[in-house]
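sequence unknown, structure follows:
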């Protein structure tokens, strides 16, 4: 992709001269607040209309983006777990299994219960409910925008390993600040400042796997 993202007022935020996200290579994107990480994610996902450039996406590949604070509708728990699909899209067994994999087994008996789930569930439980949606949806590309930030590091690692094992055809691209996330991804991109005041993603290749080289991602 080659891309320039701007804010709604027209100021440039992110400029990407050339970048390729490789299918099958979990990638972590990190950088300072305000460097345009979330904006870049939204542009790649097709939901950020401000800017110009070219993004080439596989025509038949399903994309899914999880924000830090997922939307959780009221109603039955099955409705909340299936969102944005309707509850009837998935069997009760599939929803319970997705909750189990997302470390929400205790809620498996309540899928038909109606409640104010946004108030009842903690922030970490809401994030894991969104992870259960991923298990149900099985996207080809999954963008996690600090979508596990409310979890402790051990539980966060469990969730990532589960996703990699259960969804082998899904490529994970994450935004995160914890250094422990680096070991859970194959590639690490850092948002670096440019002279013009914008930011660009720079690839850092991990020493343990790729020999410690660093380079601009010019694939």
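Received, thanks. Everything numeric here is computed off the predicted structure, so don't read it as measured data. Residues are numbered from 1 along each chain as shown.

where along this structure do the strands fall?
Taking DSSP state E, the strands of the chain run over residues 2-6, 12-16, 27-30, 51-54, 63-66, 75-76, 114-115, 141-145, 171-175, 187-193, 199-204, 214-215.

need the ones you listed in TSV with distance to residue 93 and mean pLDDT, can you?
(Glycine included, C-beta is placed from N, CA and C.) Formatted as TSV, the strands of the chain follow (distance: least, C-beta to C-beta, whole Å; pLDDT from 0 to 100):
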stretch	distance to residue 93	mean pLDDT
strand 2-6	42	67
strand 12-16	43	84
strand 27-30	33	94
strand 51-54	43	82
strand 63-66	22	92
strand 75-76	16	95
strand 114-115	20	95
strand 141-145	23	95
strand 171-175	25	94
strand 187-193	36	91
strand 199-204	41	86
strand 214-215	47	34
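
residue 50 is in contact with residue 5, isn't it?
Yes: at 6.7 Å, residue 50 and residue 5 qualify as touching, with contact defined as C-beta atoms under 8 Å.

near the spatially closest residue to residue 149 that is not a sequence neighbour, how many other residues are there?
Ranked by C-beta to C-beta, 6 or more residues apart in numbering and with sequence neighbours excluded, the top spatial neighbour of residue 149 is residue 68, at 5.8 Å. For residue 68, the count of nearby residues is 16 (other C-beta atoms under 10 Å).

residues touching residue 68, list them.
Applying C-beta atoms under 8 Å, 6 or more residues apart in numbering to residue 68 gives the contacts 127, 145, 146, 147, 149.

which of the residues you listed fall in helices?
Of the contacts of residue 68, the ones assigned to helices by DSSP state H are residue 127.

pick the one among the contacts of residue 68 closest to residue 55.
Using C-beta to C-beta, residue 145 comes nearest to residue 55 of the contacts of residue 68, at 17.1 Å.

that older thread, between the strands of the chain, which one is closest to residue 159.
Closest among the strands of the chain, using C-beta to C-beta: strand 141-145, at 9.6 Å.

which of the contacts of residue 68 has the most neighbours?
In terms of neighbours by other C-beta under 10 Å, the contacts of residue 68 top out with residue 127 at 27 neighbours.

thought that one was touching residue 148?
Yes: counting by C-beta under 8 Å, residue 148 is a contact partner of residue 127 at 5.9 Å.
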